[in-house]
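# build me a structure from this.
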Amino acid sequence: MKHILISVGLTLAMSFGVGVKSRADEVRLGLMVHDVEGFQHLGIAGVHGKEQSLSVSADYVWDKPDWLDWALHARPYIGGTLNLEGKTSHAGAGVLWRQGFWDKTYGELAFGMVIHDGKIRVPNPIDAATRDEIERRFALKRSKIEFGSRVLFRTQFAIGHEFSDKWAGELVYEHLSHGQILGGPENEGSNNLGIRIARRF
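Reported below is the predicted structural model:
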């Protein structure tokens, strides 16, 4: 949890720095199923459901700043999740792109980096000196995601619908992992699925 508090402090400081130059575009709040099962057929990490639980999510998204025109008018954001059952929480920042499909419906792609308070790895049970320690490590292997890095990539896909000029609802899929770039060799990752509401300004 200490890492999350540090990260939240940094992102709030960053939001103040950016906020004085640009108005906020929207605030989003959601409910996520953390480490959701059911994605085995996609062949991606995080399909195990070791930590399946509920989290609340929050994001703060800025209007399109001029300095990101080169990146196809991306929008910067800060955000993360707080797990309601004591499992892995995370916070970080990134950019997102939104494209309308038809009247009042849109798709969104977001990419960023987060810091989390979950397990990086669990020591090998075979190396334990006592039977109790062996059993404890096996229990951790069964119940904890081994992320392999304290810092992870956060990729999100969302489909949203505008109810009015100010309010929208979204269905969100999120994947967390280090992609064998930021750490390793463990890289179990996490898939998270949820809904959220957006309040635009």
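# mind checking the SS state of the residue nearest the centre of the chain?
The structure's the chain has its C-alpha centroid closest to Arg154; by CA atoms, centre = their mean the separation is 5.1 Å. Here Arg154 takes the strand state, with states given by DSSP: H, G, I helix; E, B strand; the rest coil.
# strands of this structure, start to end?
With DSSP state E as the criterion, the chain has strands at 24-34, 53-62, 75-83, 90-102, 105-116, 151-162, 167-177, 190-200.
# give the buried residues for the shortest one.
By that I understand strand 75-83. 75-81, 83 (16 or more other CB atoms under 10 Å). In this view, the C-beta of every residue, glycine as well, is placed from N, C-alpha and C.
# turn those into JSON lines, columns for distance to Trp67 and pLDDT.
Shown next, in JSON lines, are those (distance: CB to CB, whole Å; pLDDT from 0 to 100):
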{"residue": "Arg75", "distance to Trp67": "12", "pLDDT": "93"}
{"residue": "Pro76", "distance to Trp67": "9", "pLDDT": "96"}
{"residue": "Tyr77", "distance to Trp67": "15", "pLDDT": "97"}
{"residue": "Ile78", "distance to Trp67": "16", "pLDDT": "97"}
{"residue": "Gly79", "distance to Trp67": "20", "pLDDT": "96"}
{"residue": "Gly80", "distance to Trp67": "23", "pLDDT": "95"}
{"residue": "Thr81", "distance to Trp67": "28", "pLDDT": "97"}
{"residue": "Asn83", "distance to Trp67": "34", "pLDDT": "97"}
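# those into TSV, with extra columns for distance to Gly30?
Shown next, in TSV, are the buried residues of strand 75-83 (distance: CB to CB, whole Å):
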residue	distance to Gly30
Arg75	17
Pro76	19
Tyr77	13
Ile78	15
Gly79	10
Gly80	11
Thr81	8
Asn83	13
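# for the residue nearest to the centre of the chain, what are its contacts?
Applying CB atoms under 8 Å, 6 or more residues apart in numbering to Arg154 gives the contacts 90, 92, 94, 110-114, 174-176.
# looking at those, spot the one nearest Pro65.
Taking CB to CB as the measure, Pro65 lies nearest Gly94 of these, at 13.9 Å.
# fine by me, thanks again.
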